[in-house]
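Novice: 3D model of this:
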Amino acid sequence: MKKIFKIGGMHCESCAKIIEMELNDFVNSIKVNVSKGMAEIDFDERNISEGKIKEIISKAGYSIK
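Specialist: Numbering: from 1, shown residues only. Got it, this is the predicted structure:
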């Protein structure tokens, strides 16, 4: 399942890399776009839920809109 998440609090490419590293082991693919403030995440709901993805992003210090 592919879903776009709006993410607040990102300021640079390092922010994008942090989110990618936090989720990389749990999702099929992730592309974070800092300038648009969003992440396109392809994930299998049998491996990780949408709620867990949001929780991981929040724990990394970013907000989900």
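
Novice: how about the strands in this protein?
Specialist: 2-8, 29-33, 38-42, 63-64 (DSSP state E).

Novice: list the buried ones in the third one?
Specialist: I take that to be strand 38-42. 38-39, 41 (16 or more other C-beta atoms under 10 Å). In this view, the C-beta of every residue, glycine as well, is placed from N, C-alpha and C.

Novice: format the residues you listed as JSON lines; extra columns: pLDDT and distance to G9.
Specialist: Shown next, in JSON lines, are the buried residues of strand 38-42 (pLDDT from 0 to 100; distance: C-beta to C-beta, whole Å):
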{"residue": "M38", "pLDDT": "98", "distance to G9": "12"}
{"residue": "A39", "pLDDT": "98", "distance to G9": "12"}
{"residue": "I41", "pLDDT": "98", "distance to G9": "17"}
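
Novice: would you turn those into JSON lines with distance to F5?
Specialist: Below are the buried residues of strand 38-42 laid out as JSON lines (distance: C-beta to C-beta, whole Å):
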{"residue": "M38", "distance to F5": "6"}
{"residue": "A39", "distance to F5": "5"}
{"residue": "I41", "distance to F5": "6"}
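
Novice: quick one: which of those is nearest Y62?
Specialist: Nearest to Y62 out of the buried residues of strand 38-42 is A39 (C-beta to C-beta; 9.4 Å).

Novice: for S63, see how far away the closest residue to the closest one other than its chain neighbours is.
Specialist: Nearest non-adjacent residue to A39, counting by C-beta to C-beta, 6 or more residues apart in numbering: V32, 4.5 Å away. Separation of V32 from S63 (C-beta to C-beta, to the nearest Å) stands at 14 Å.
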